[in-house]
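1. Got a predicted model here, sequence first, then my questions.
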Amino acid sequence: MSRDPNCIFCKIVAGEIPSTRVLETDRAVVILDINPVVKGHVLIIPRDHYPQLRDLPDELAAHAGSLLPRLARAVVSAVRAEGSNVIINSGGVAGQTIDHCHWHVIPRFDGDPVHWPWPHQAYSGDEMARTASRITDLLDPA
């Protein structure tokens, strides 16, 4: 298992820092966030240390993704929420504050303090097609 001795999430996964766990698998730990956006906010934390989403192996991302529907159902039911958001902040400019890739499952309520949606930007001319082409050209083989 890859681990960063200075990473708070690696310490949580190892049991060196207490957490309130709601699910454990061989590849991930799910805990209640100690600073929740709203009560019921959970984090899916891979057991291995990968700083950002782009560093994560596809099979580990697929494993975490397979947990999402089950967690969303449980979280929404447990706190009687009306919906949920699933968010990954990857990189400091995206709001990532802990350098260990993780998913947020956030229950949502009418009138809660979570601000959504984000403002939108429009593409001009053929900019959308050019952007799609650049992304397609840079995709790793599946």
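-> Perfect, thanks for sending it.
2. So for the longest helix seen in the chain, mean pLDDT?
-> Using DSSP state H to define each element, the chain has its longest helix at helix 58-79. Taken as a whole, helix 58-79 has a mean pLDDT of 96.
3. what residue of this structure is the furthest out?
-> Of all residues in the chain, G125 has its C-alpha farthest from the mean position, at 33.3 Å, by C-alpha atoms, centre = their mean.
4. SS state for it?
-> Per DSSP: H, G, I helix; E, B strand; the rest coil, the secondary structure class of G125 is coil.
5. in its sheet, what does the stretch of helix or strand V29 belongs to sit against?
-> Per DSSP states H and E: V29 is located in strand 28-32. As defined by DSSP bridges, the strand partners of strand 28-32 come to strand 21-24 (antiparallel), strand 42-46 (antiparallel).
6. Without its sequence neighbours, what residue ends up closest to L56?
-> What sits nearest to L56 in space, not counting adjacent residues and going by C-beta to C-beta, 6 or more residues apart in numbering, is Y50, at 4.7 Å. Quick note: C-beta positions are derived from backbone N, CA and C, even for glycine.
7. The one you found reaches I98, doesn't it?
-> No - Y50 lies out of contact with I98 (C-beta atoms under 8 Å); the separation is 11.9 Å.
8. Compare those two (neighbour count), which wins?
-> Remark: of Y50 and I98, Y50 carries more neighbours, 18 against 15, as counted by other C-beta atoms under 10 Å.
9. Nothing else from me, thank you.
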